[in-house]
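# What follows is a predicted protein model with its sequence.
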Amino acid sequence: MKLGISHVIEKEGLGLAREQIKTSIGGEALIEGIMMKGPKVSAMANRLPDGSIDLELLDFHPIKEKVPFLGLPLIRGSVNFIEMMLTSYKCLNKSVQKVGLEDEEPSAFEKKLTKLFGDKFAAVLTGVSAVLGMLLAVGLFLVLPTVLVKLLGNWLPITGVASLIEGVVKLGIFVLYLALVSHMPEMARLFGYHGAEHKTIACYEAGEELTVENIRKHRRFHPRCGTSFLLITLVISILASSIVTWESALIRVGLKLLMLPLVMGVSYEIIRFAGRHDNAFTRIISAPGLWLQRLTTKEPDDGMIEIAIAAVTPVIPTDGSDRI
């Protein structure tokens, strides 16, 4: 569906002032677009090459709707993360198609995969990308720090502080990785859309009309951001790793992998609590993540904000079911 921004802004009810709230609506940046997920509807909006806005409603049903057990505290964290990863890859692939980045001649390898998998090629590519992304994360943040500290232990007496050093290395890799990718022109633009997503949700939570002018004045940092979730996950994993043996690097990595679902579960509950409350405690635990968002969000231009408005408009429920 293609639409103009005036159609989006004029949707009934969004121009009415209301009290400040906290919402469960969240989203993510895409290639020249944004995906917004509400309690009942999800949608993605993209800026097409001709300058128009393409809006698509998404058919997304969380697995906890069929298996309520997976929605319980401590369990829902890793489940939500996996679902969000898969949804992210699907939306990213769609956004690439919409903005015309797939118009180039496919490589010989891509042609072979298309011939092998046929109509299932996109789904296979999404699954492979998700697996490779997870393997990269495991390698960078679980395997590499352990191996480096283990090697360092062969040269220096660090037995009592090995876990602390590993944690510092892990955080250092994370921050350095974000700092490096944030300077890539393509990622800088993606992070601009990320900033537009945050500012739009902040404007909506403030009870203001969703206009470019209103949204522009809000901060681009939000306590429920995925960046904050990843940082809290790293911190919790560092604390959990302090009780894991150093006798064998292989055993240590294996045990940390087994602990990962619980670590993500605890981290999710923390970030969820921080997103629902505003007090001294939540401001303290949110502060590092908000600071780190200076790397993963950029100030958006007006066109990016228009895309954010287009994406969030259809997912805002009229019954207030997004309020937390």
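Sure thing, it's come through.
# In stretch 263-281, which residues are buried?
Neighbour counts over stretch 263-281 (16 or more other C-beta atoms under 10 Å) mark V263, M264, G265, V266, S267, Y268, I270, I271, R272, A274, G275 as buried. Glycine gets a C-beta too; all of them are placed from N, C-alpha and C.
# for stretch 174-194, same thing?
Buried, per 16+ other C-beta under 10 Å, within stretch 174-194: F174, L178, S182, M187, R189, L190, F191, G192, Y193, H194.
# Closest one to I82 out of those, please.
F174 (20.0 Å; C-beta to C-beta).
# What helix or strand is the closest residue to the closest one other than its chain neighbours located in?
Once flanking residues are discounted, F174 sits nearest to L234: 6.0 Å by C-beta to C-beta, 6 or more residues apart in numbering. Using DSSP states H and E, L234 maps to helix 226-241.
# now swap in L260 and tell me
Counting by DSSP H and E, L260 is part of helix 249-276.
# and what of E56?
Judged by DSSP H and E, E56 forms part of strand 53-58.
# For that strand, which helices and strands make contact with it?
Contact here means 3 or more C-beta pairs under 8 Å, 6 or more residues apart in numbering; DSSP states H and E; on that basis strand 53-58 packs against strand 2-3, helix 5-9, strand 42-47, helix 76-98, helix 302-312.
# Which of the ones you listed has the lowest mean pLDDT?
Across the helices and strands packed on strand 53-58, helix 5-9 has the smallest mean pLDDT, namely a mean of 42.
# next helix or strand past it?
strand 26-30.
# Between helix 302-312 and that next one, find me the angle.
130 degrees (axes from the mean of the first three to the mean of the last three C-alpha atoms, to 10 degrees).
# Direction included, what does strand 26-30 pair against?
strand 33-37 (antiparallel) (DSSP bridges).
# who touches the strand it pairs with?
25-28, 42-47, 54, 58, 60, 87-88, 91, 95, 98-99, 193, 196-197, 304, 307-308, 311-312, 315 (C-beta atoms under 8 Å, 6 or more residues apart in numbering).
# quick one on the thing from earlier: could you measure from the residue nearest to F174 over to T159?
Distance of L234 to T159, given as C-beta to C-beta, to the nearest Å: 23 Å.
# who's more crowded, these two?
L234 (18 against 8; other C-beta atoms under 10 Å).
# Is T297 in contact with H218, as I believe?
No. Contact between T297 and H218 fails when scored by C-beta atoms under 8 Å: they sit 11.9 Å apart.
# Tell me which of the two has more neighbours.
T297 (27 against 19).
# ok, the more buried one - contacts?
Contacts of T297 (C-beta under 8 Å, 6+ apart): F191, G192, H194, G195, H198, R220, F221, C225, T227.
# Check I238 too.
Taking C-beta under 8 Å, 6+ apart, we find I238 in contact with S163, E166, G167, K170, L171.
# if I read this right, the first one contacts L239, doesn't it?
No. In terms of C-beta under 8 Å, S163 does not count as a neighbour of L239; the distance is 9.0 Å.
# Return the member of the contacts of T297 nearest to N154.
Taking these together and measuring to N154 by C-beta to C-beta, the closest member is T227, at 34.7 Å.
# Neighbours of that closest one, how many?
Using other C-beta under 10 Å, T227 has 21 neighbouring residues.
# I figured it was touching R294, is that so?
No. Using C-beta under 8 Å, T227 makes no contact with R294, being 9.7 Å away.
# now the angle between helix 226-241 and whichever helix or strand L171 is part of, please.
Taking DSSP H and E as the criterion, L171 maps to helix 162-181. Helix 162-181 and helix 226-241 are oriented at 160 degrees to each other (the same axes, to 10 degrees).
# for the helix or strand just after helix 162-181, the distance to its chain's centre please.
As assigned by DSSP H and E, the chain's next helix or strand after helix 162-181 is helix 185-205. Distance of helix 185-205 from its chain centroid, counting by C-alpha atoms, centre = their mean, to the nearest Å, is 12 Å.
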